[in-house]
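Student: take this sequence and fold it.
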Amino acid sequence: MIRNLSSCARGAMTVEFAMILPAFMMLLTGTMEYCRYLWTMQTLNNVAYSTARCATFSSSCATAATIQNYAVNLASSYGLAVTTANVAYTSNTTCRSNTGQNMVTVSYSFASPLTAFVGAMGSTVTGRGCFTR
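Tutor: Residues are numbered from 1 along each chain as shown. Next up is the predicted model:
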């Protein structure tokens, strides 16, 4: 009987699959969450840059309140729920070693189960954009 068990390979593939599946699913989920984090960061940078550009050229972005509302509306068009409290506008400042810049900073609370495990993924994602006045 022991000789029969040692030569029997039925079910070995199922056992191997059951051993590999949790690690594969963690890797797949981690990759998707990290890509979502990077997309959020890039989107916030785009929102901040577009808002700084609007503050420079457009009359619809004449005050700090309209600038903040522009950023909130643009972020919501991408599916990100940003409030006006998360948008900071600074006029005539130094940004990336360039003086005389309009700078907009947009913060977003990023909810992910991976932020507890991966230190590089913070719970708050910030985008910053500058445009010459």
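Student: just for the protein, where's the confidence low?
Tutor: In the predicted model, the chain carries pLDDT under 70 at residues 1-9, 115, 119-121.
Student: middle-most residue in it, spatially?
Tutor: Thr40 (2.4 Å; C-alpha atoms, centre = their mean).
Student: buried residues in stretch 123-133, which are they?
Tutor: Val125, Thr126, Gly127, Arg128, Gly129, Cys130, Phe131 (16 or more other C-beta atoms under 10 Å). C-beta: built from backbone N, CA, C; applies to glycine.
Student: quick one: distance of stretch 30-46 to the chain centre.
Tutor: Centroid separation between stretch 30-46 and its chain, computed with C-alpha atoms, centre = their mean, to the nearest Å, is 3 Å.
Student: right, I mislabeled it, should have said stretch 80-88
Tutor: 14 Å.
Student: and the contacts of that stretch?
Tutor: Outside stretch 80-88, the residues within contact range by C-beta atoms under 8 Å, 6 or more residues apart in numbering are 40, 43-44, 47, 51, 65, 67-69, 71-72, 75-76, 104-108.
Student: again, but for stretch 107-122
Tutor: Under C-beta under 8 Å, 6+ apart, the answer for stretch 107-122 is 29-30, 33-34, 36-37, 40, 44, 75, 80, 82, 86-87, 123-127.
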